[in-house]
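>>> quick one: sequence plus predicted model below, questions after.
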Amino acid sequence: MKPLSEQEINSALESLEDWGFDDDKLWKKFEFGNFKEALAFIVRVGVEAELKTHHPRIFNVYNTVTIGLQTHDAGDKVTQNDVDLATAIEGII
């Protein structure tokens, strides 16, 4: 898997609302009404990620979930797989 250039990443971010790029990963923070909603979201993201053979960084505190995406097989850089999973996550919301 080939890492995307910074220009390709910035172009992809134009269609990913509120996603950012920092520390060689795409990331976004999601806030929910309560822990139960946050946990349900995490499970749905996990199922989608497994279908795509991708394993995101997921961090949760109560009603807040932060997701970081980078491809381990590409030297922990952002690839098209990360953009595709971010797009799929947006579909979950």
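Sure, I can see it. Fair warning: this is a prediction, and the values are worked out from it, not measured in the lab.
>>> could you pull up the mean pLDDT of the biggest helix by length in the chain?
Selection of the longest helix in the chain by residue count, based on DSSP state H, yields helix 35-51. Taken as a whole, helix 35-51 has a mean pLDDT of 97.
>>> what residues are up against Glu6?
Contacts here follow Cβ atoms under 8 Å, 6 or more residues apart in numbering; on that basis Glu6 touches Phe21. C-beta: built from backbone N, CA, C; applies to glycine.
>>> let's go with 10 Å and repeat that
21, 78 (Cβ atoms under 10 Å, 6 or more residues apart in numbering).
>>> need the pLDDT of it.
What the model reports for Glu6 is a pLDDT of 95.
>>> just the one 10 residues further on next, same as before
The predicted local distance difference test score for Leu16 is 97.
>>> now do it against Tyr62, distance only.
25 Å (Cβ to Cβ, to the nearest Å).
>>> looking at those two, which is more packed in?
Leu16 (17 against 10; other Cβ atoms under 10 Å).
>>> measure the more buried one to Ile92 for me?
Counting by Cβ to Cβ, the gap from Leu16 to Ile92 is 13 Å.
>>> Trp19 now?
In terms of Cβ to Cβ, Trp19 sits 14 Å off from Ile92.
>>> you'd agree Asn10 is up against Phe21?
Yes. Asn10 lies in contact with Phe21 (Cβ atoms under 10 Å); the separation is 7.3 Å.
>>> overlap in contacts of those two?
Taking Cβ under 10 Å, 6+ apart as the contact rule, Asn10 and Phe21 both touch Leu4.
>>> Trp19 and Ile92: who's more crowded?
Set Trp19 next to Ile92 and count neighbours by other Cβ under 10 Å: Trp19 wins out with 22 against 12.
>>> surely that one meets Thr66?
No. Trp19 lies out of contact with Thr66 (Cβ under 10 Å); the separation is 11.5 Å.
>>> what touches both of those two?
Counting by Cβ under 10 Å, 6+ apart, the common neighbours of Trp19 and Thr66 are 27-29.
>>> which of those fall in strands?
Counted as lying in strands by DSSP state E, out of the shared contacts of Trp19 and Thr66, are 27-29.
>>> quick one on the thing from earlier: of the shared contacts of Trp19 and Thr66, buried ones?
With neighbours counted by 16 or more other Cβ atoms under 10 Å, the shared contacts of Trp19 and Thr66 contain buried members at 27-28.
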